[in-house]
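Enquirer: fold the following.
(2 chains)
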Number of protein chains: 2
Amino acid sequence: MRDQYYEQLDAIVDDLVDLTGTVRFAVGQATKALLEADVQVAESVIDGDKDIDEATETIEERALLLLATQQPVATDLRQLVATLRMLADLQRMGDLSVHVAKIARRRMPESAVPLNLHPTIVAMAAVADSMIDSASRIVANRDVAAAAQLETEDDEMDTLRKDLFRTLLADSWDHGVEPAVDVALLGRYYERIGDHAVSMARRVVYLVTGQLT
Amino acid sequence: MRDQYYEQLDAIVDDLVDLTGTVRFAVGQATKALLEADVQVAESVIDGDKDIDEATETIEERALLLLATQQPVATDLRQLVATLRMLADLQRMGDLSVHVAKIARRRMPESAVPLNLHPTIVAMAAVADSMIDSASRIVANRDVAAAAQLETEDDEMDTLRKDLFRTLLADSWDHGVEPAVDVALLGRYYERIGDHAVSMARRVVYLVTGQLT
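Expert: Residues are numbered from 1 along each chain as shown, chains lettered A, B, ... in the order given. Down below sits the predicted model:
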C-alpha cells in the first residue's frame, strides 16, 4: 500500500519535472519568435499553451486522487500540496510565454524589440531559461543548496529589468511610445517567469526544511 | 469529531473571506494613492502587504494542519485544496496593489496617470473592486450563479484595458514615454487583479459543480 503510494507520488513528481521542461521550451520558443519575428514559432507557442493547461489539470487531478485515496500525512501531504502550488506556477509561466508570443505576433514583420535592446532581452531570456532549468533540478532532486543560486539569478534578472527600463525611459530613446510599452511589458513578463521559478524552488525548500523563505 | 472538523473548516473560510476584504481595501487604497498622489496612502499599502502575507501563511498553515489531522476526503478535501489556491490568488493581488502603490510613489508629487486617463483608471479600479467583492461573496456563499456575473465584469475590464492602450498608442498621445509605460503597467496590474478574482470564483464553481470552466 505504502510502496504503491510512493510509486504514484514519484510518477507525479516525474510528470511535474517533464512539464517544467515543456514550459521551458515554450519560453525559449517565445523568445525566438520575438527576436526573429517568426510568425510560425509565435503561433506554435500560442496554440501549444492548451497542452500545458491540459497537462497541468491531469497532474492536478492525479494529485487530488492520491490525496483522497491514500490520505497522506505530514511530509507526504506537504509534498502533494507543494505540487499543486507548483502546477499553478507552471501554468502561469505558460501563460506568460503566450503573452510574449502575442507581442511578437502583433508587431510582425518587424521585431517588437528595437535592435539595440536585443542583447538585454537575450540576457533576460537566458537568465529565465537557466532559472527554469534550476527549478526543474531542484524539484527533481530536492536540491535545497541549488535554491540559493536561483535567488542570485533572480537578482540578475532584476538588474537586467532595471537596465531595460533605464534605456527606454532615457532621453536618447527614439523608438516612440509603442515599442517602449511593448518592451516594458516584455521585461515584466520575463521577470515574472523568473519569479515563478523562484516560487517553485521555495516550495521545495519549505518541504525539505520546513522554513518559508 | 466531524462537527469539530466543519467548525474549523468554516473558520478557515471565514478568515479567507476576511482576507479578501483586506485585499480589496489595499487595492482601493493603492488606487487612491495613484490618483491623488498621496504618499502616506502609498506607504501604508506598501507596508501593509506584510500583514497580507502573514495572514495568508497563517491560514495556509491551519488548512494544512486540518488536512493532516482530519484527513478529509472527496468534497472536503477539494475545499481545502481550493482554499490553498485561493490564498495564492489573494497574496498575488496584494503584491499587485503594492506594484500600483510603488508606481504612484515614484512619480510623486505628480500623479502617475495623466488627467485625461483618470476616468479610465477610475473605471478599471471600480471594476476590480466589484470583482473582488463578488469573489468574496461567491466564496462566502458558494454562489455559483454570481460567478457568471464575474465573467461579464472580466470582459468589461478587458475592454477598458484595450481603451487604455488605444489612448496611449494614439498619435495624439503627448505625455511622452514614461507615463505611457507606467499607464501600460497599471492597466496590466488592474487586469491581473481581476483575473485573480475570476480564478477564485472558478475554484468555487469547480468545488460545487466538479467542472473546470
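Enquirer: okay, now the unreliable bits of chain A?
Expert: A:1, A:211-213 (pLDDT under 70).
Enquirer: how about the helices in it?
Expert: A:2-36, A:39-70, A:74-106, A:118-141, A:144-169, A:177-209 (DSSP state H).
Enquirer: possible to save these as a markdown table with distance to B:Met108 and mean neighbour count?
Expert: Quick note: C-beta positions are derived from backbone N, CA and C, even for glycine. Compiled in a markdown table, these are given as follows (distance: least, Cβ to Cβ, whole Å; neighbours: other Cβ atoms under 10 Å in any protein chain shown):
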| stretch | distance to B:Met108 | mean neighbour count |
| --- | --- | --- |
| helix A:2-36 | 34 | 18 |
| helix A:39-70 | 39 | 17 |
| helix A:74-106 | 30 | 21 |
| helix A:118-141 | 28 | 20 |
| helix A:144-169 | 17 | 16 |
| helix A:177-209 | 20 | 22 |
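Enquirer: B:Asp15 is nearest to which of those?
Expert: Closest of those to B:Asp15 is helix A:74-106, at 17.8 Å (criterion: Cβ to Cβ).
Enquirer: so is the closest one next to chain B?
Expert: Yes: with Cβ under 8 Å from any Cβ of the partner chain as the measure, helix A:74-106 is seen reaching chain B through A:Ala74, A:Leu77, A:Arg78, A:Val81, A:Leu84, A:Arg85, A:Ala88.
Enquirer: farthest-apart pair in the residues you listed, please.
Expert: By the measure Cβ to Cβ, A:Ala74 and A:Ala88 form the most distant pair in these, at 22.4 Å.
Enquirer: enumerate every residue touching A:Trp173.
Expert: Each residue near A:Trp173 by Cβ atoms under 8 Å, 6 or more residues apart in numbering or on different chains is listed here: A:Thr167, A:Ala180, B:Val177.
Enquirer: out of those residues, the closest to B:Met200 would be?
Expert: Minimum distance to B:Met200 across the contacts of A:Trp173 is 33.2 Å, recorded for A:Ala180 (Cβ to Cβ).
Enquirer: isn't that closest one up against B:Val183?
Expert: No: taking Cβ atoms under 8 Å as the definition, A:Ala180 is not a contact partner of B:Val183, at 11.2 Å.
Enquirer: thought B:Leu186 was touching A:Arg188, still the case?
Expert: No: using Cβ under 8 Å as the test, A:Arg188 is too far from B:Leu186 to be in contact (11.6 Å).
Enquirer: could the residues of helix A:74-106 next to chain B be laid out in TSV, adding distance to B:Ala101?
Expert: Shown next, in TSV, are the residues of helix A:74-106 next to chain B (distance: Cβ to Cβ, whole Å):
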residue	distance to B:Ala101
A:Ala74	39
A:Leu77	36
A:Arg78	33
A:Val81	31
A:Leu84	30
A:Arg85	26
A:Ala88	25
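Enquirer: which bits of chain A sit near chain B?
Expert: Counting by Cβ under 8 Å from any Cβ, chain A sits next to chain B at A:57, A:64, A:67-68, A:71, A:73-74, A:77-78, A:81, A:84-85, A:88, A:165, A:168-169, A:173, A:176-178, A:180-181, A:184-185, A:188, A:212.
Enquirer: let's see 6 Å
Expert: Contact residues, chain A versus chain B (Cβ under 6 Å from any Cβ of the partner chain): A:Leu67, A:Ala68, A:Gln71, A:Val73, A:Leu77, A:Leu169, A:Trp173, A:Val177, A:Glu178, A:Ala180, A:Val181, A:Ala184.
Enquirer: residues contacting the second one?
Expert: Spelled out, that is A:Ala68. A:Ala68 makes contact with B:Val73, B:Leu77 under the criterion Cβ atoms under 6 Å, 6 or more residues apart in numbering or on different chains.
Enquirer: let's see it at 10 Å
Expert: A:Ala68 makes contact with B:Gln71, B:Pro72, B:Val73, B:Ala74, B:Thr75, B:Asp76, B:Leu77, B:Arg78, B:Val81, according to Cβ atoms under 10 Å, 6 or more residues apart in numbering or on different chains.
Enquirer: let me know the closest of those residues to chain A.
Expert: B:Gln71 (4.3 Å; Cβ to the nearest Cβ).
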